[in-house]
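Trainee: Build the 3D model from these lines:
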Amino acid sequence: MGEKNSRWALGLLLALGWLGAHRFYLGRYASAVGQLALTVLCAALWLWGGAAAAYAPYLLGPVVFWLLRDGFWLFDYFRVEEDMDSRLSAFSQSQLDEQASQPAVKAQTPATLALAPLTQALVAAPALPEPTPQPAAELHTDKKSLAIQMAQKHIGDALARQDVQTAHAEADSLVRYLAQRSRKPQSDPHLAMAYLLQGMTFYQTEHLDAARKKLQMGVHLGAAFAELAQPVQQAQACLQRLRAPKMAPGAAAAPALQPGQYPLLMQSQDWAQALALCEQTIASRPASQDGDVPDLAQHHLHAMEIAQHLGDSERQRGHGQALLALAAREGAAVPTALRRQALERLGDVYQSEADHHRAHQHYAQALALVDVRSGGNAAAQALALCALLQRMARSHAALGETAQALQCWQRLALYVDSFDRLDQQGQRMPDPEAVSGMLTAYAAFAISHQPTRVKPLVQQALRIQQRSCRGYSLAAARAYAVFADFLAAHGQTDARRSYLKKALLLVQICDPDNSAHLQQLKTAIREAV
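Mentor: Just a heads-up that it's a prediction; the model follows:
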C-alpha cells in the first residue's frame, strides 16, 4: 500500500473529509466512495429545494458522525503503524548485527523469506527455525514480509520459553497489522500467511478450537496462492487431525501411553481413552502430601472436561465434588482458579439437567471467588466474571426471574464496554470472540425483554469482530443470526433473509464441516419468504 503520512491523512480529513479524501489517500476506496456518494446526495437534495430539501439534514447527520468516528479511526490506524515500525526497526538492527557476526550466511529476498513455508517445528517443537539475515537495503523493501519474519522469530522464542501469552500476543499483533494494511484480504498472501501462523501457534499451545478457526481462515485465504502451497497443506493436515482424530483402519498402532500422558489423547479428541487414563492418574496419585494437591485438583478438572465431551454428567459431578472436597480439606492448597472452574462446570451440569436452583447456587459460589482487582491478571478475572454473569442471567431467566436476569446482563455489558474502550485505546481485549458471544447472547435475550437494546448490542459485537479479525468469525455469524431473529419478530422478512445469508457465508468460511449448522441456516433462508 505504500507509506502514508499521518499529517496528510489528518489534514485531508479536516479539509476534505466530507468527500472521503482521507480514505482515498489510505486506499480505502469502497468506503471513500460511500462517503463521497452520501455527501453528493445530501448536497443534491439541498440544492434541489422544495420538499426534497427536508431530507438533507437526515443525511448530514450520518456524514458528520462518520467523520468524527474517522478521527478516532485514524489515531488507531497510525498508532498500530508506528508501533510496528518501531518494532521492525529494532528487529532490522538485530538482523544486521547477526549478519555482521556471520557474514558468510547467504541472504534471501524478503518475498522468499516471508512466504516461506511454515515448518513442522511449530507442531513438533517449541521453537521456530532462526530467520536468515538480510542486507539493510532489502530489509525495508517489504514491511509485510519483515513483520512475518519478526513474528516467526518472536513466537518461536516465546514457545521455547513456554510463554504462551506472549506467543499469542505476537500472532495477534501480526494479524491486526496485516489486516489493517490489506485493502483486499482475499488478494493478500501475507495476511493468509499471518492467519496460518496464528493457527499453528494456537495448535502448538493446545488451544484447539481457536486453532481450527484460524487455520480454516488461513486455508481459505491462502488456497489461491501457489507460494503458500506447502503451509496450506500443513494447515490442512492439522485440520484433518482435529476433524478425524481416530486412527485409520490398517494404520500402525500408536505406542501405548502412560496414565499421565492423557492430555495427548485430549488433543486428538480420543475422549473415552483419555478419561480412562486420567482416572488412572488420579487413582495412582493420592493426596498424601500438600504438594500433590494442586496437581491432583488439575487432574480432577481435566476429568470433568473430558466427561463433558462424553456427555457423562455423573462422572462430571463426581470429579467436581471430589475437587471441592479436596479444597475443603484443612491445609489443602487448591488454587482459587481451579475451585472456580469446578463450580462453573458443576453449575453447567445442573443447568443441563434443568435444576436451575442448584445451578444458580454453584454460579454464585464461583462468582464469590472472582477478584477483578488481582493485579496484572485483572483482565482475565473480569472476563471470567462476565462468563459467570452470563450463566447466572440464563439461570435467572430459566427460573422466570426476568428482573434479576436483566441486572446480570446489564452488569456484564458494563464490563464489556470497559473492554471495548481499552481495545480502542490500543490495549488488547481478552478473547474478543468470547466477548462478542456474550453481547450476542444478551441481544438474543433482549429480543423479548429489551427490544431497543438489540441493535446496539449486535453492532457492538460486530465492531469488536471487525477490529480483531475483519469480521471473519463464528461470533460475527452468530450476531447476524440473532439480528435476523430480531427482524423476524418485527416482520421484516427481506432484511432477515439478507442477514441470514451473511451468517451462512461466515459459517461456510469459518466452520465448513458443521453440516448441521449450515443446513439449519439454509432452511431458515428458504423459509424466510
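
Trainee: quick one: buried residues of the host helix or strand of residue 322?
Mentor: Using DSSP states H and E, residue 322 sits within helix 313-328. The neighbour-count criterion (16 or more other Cβ atoms under 10 Å) identifies 313, 315-320, 322-324, 326-327 as the buried residues of helix 313-328. Backbone N, C-alpha and C define where each C-beta goes, glycine included.

Trainee: Run through the neighbouring helices and strands of that helix.
Mentor: helix 293-310, helix 336-352 (3 or more Cβ pairs under 8 Å, 6 or more residues apart in numbering; DSSP states H and E).

Trainee: can you tell which of those helices is closest to residue 90?
Mentor: In terms of Cβ to Cβ, the element of these nearest to residue 90 is helix 336-352, at 35.1 Å.

Trainee: And the buried residues of helix 313-328, which is closest to residue 525?
Mentor: residue 313 (35.2 Å).

Trainee: Distance check, the nearest residue to the closest one once chain neighbours are set aside against residue 54.
Mentor: Closest residue in space to residue 313, ignoring its immediate chain neighbours: residue 349 at 5.0 Å, by Cβ to Cβ, 6 or more residues apart in numbering. Applying Cβ to Cβ, to the nearest Å, the value for residue 349 to residue 54 is 60 Å.

Trainee: same thing with residue 378?
Mentor: Taken as Cβ to Cβ, the span from residue 378 to residue 54 is 51 Å.

Trainee: Check residue 199 too.
Mentor: The separation that residue 199 has from residue 54, given Cβ to Cβ, amounts to 53 Å.

Trainee: neighbour-wise, which of these two wins?
Mentor: residue 199 (28 against 11; other Cβ atoms under 10 Å).

Trainee: these two touch, right, that one and residue 208?
Mentor: No: counting by Cβ atoms under 8 Å, residue 199 does not reach residue 208; the two are 10.4 Å apart.

Trainee: can you give me the helices for the stretch 51-200 of the chain?
Mentor: 56-101, 110-114, 121-124, 136-139, 143-160, 164-181, 189-204 (DSSP state H, counting those that start in this stretch).

Trainee: Can you say which of the ones you listed is packed in most?
Mentor: Among these, ranked by average contacts under mean count of other Cβ atoms under 10 Å, first place goes to helix 189-204 (a mean of 26).

Trainee: which stretches of the stretch 151-300 of the chain aren't confidently modelled?
Mentor: 243-261, 286-291 (pLDDT under 70).

Trainee: let's go with 50 and repeat that
Mentor: Within the stretch 151-300 of the chain, the set of residues satisfying pLDDT under 50 comprises 245-255, 288, 290.

Trainee: do the same with the chain
Mentor: 1, 103-141, 245-255, 288, 290.

Trainee: Output the helix holding residue 322 as PDB, nothing but the C-alphas.
Mentor: C-alpha atoms of helix 313-328 as PDB (Å, rounded to 0.1, in the frame of the first residue of the first chain):
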ATOM      1  CA  SER A 313     -22.800 -35.900  33.800                       C
ATOM      2  CA  GLU A 314     -22.500 -38.400  36.600                       C
ATOM      3  CA  ARG A 315     -18.700 -38.600  36.300                       C
ATOM      4  CA  GLN A 316     -18.500 -34.900  35.800                       C
ATOM      5  CA  ARG A 317     -20.400 -34.400  39.000                       C
ATOM      6  CA  GLY A 318     -18.200 -37.000  40.800                       C
ATOM      7  CA  HIS A 319     -14.900 -35.400  39.900                       C
ATOM      8  CA  GLY A 320     -16.200 -31.900  40.600                       C
ATOM      9  CA  GLN A 321     -17.300 -32.800  44.100                       C
ATOM     10  CA  ALA A 322     -14.000 -34.600  44.700                       C
ATOM     11  CA  LEU A 323     -12.100 -31.500  43.700                       C
ATOM     12  CA  LEU A 324     -14.300 -29.300  46.100                       C
ATOM     13  CA  ALA A 325     -13.800 -31.900  48.900                       C
ATOM     14  CA  LEU A 326     -10.100 -31.700  48.300                       C
ATOM     15  CA  ALA A 327     -10.200 -27.900  48.500                       C
ATOM     16  CA  ALA A 328     -12.300 -28.100  51.800                       C
END
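
Trainee: tilt between it and helix 293-310?
Mentor: Angle, helix 313-328 to helix 293-310, by axes from the mean of the first three to the mean of the last three Cα atoms, to 10 degrees: 160 degrees.

Trainee: residues near residue 505, how many?
Mentor: For residue 505, using other Cβ under 10 Å, the count is 14.

Trainee: in which helix or strand would I find it?
Mentor: Residue 505 belongs to helix 493-510, assigned by DSSP H and E.

Trainee: and residue 309, how many neighbours?
Mentor: Neighbour tally, residue 309, other Cβ under 10 Å: 13.

Trainee: so who does it touch?
Mentor: Taking Cβ atoms under 8 Å, 6 or more residues apart in numbering, we find residue 309 in contact with 269, 271.
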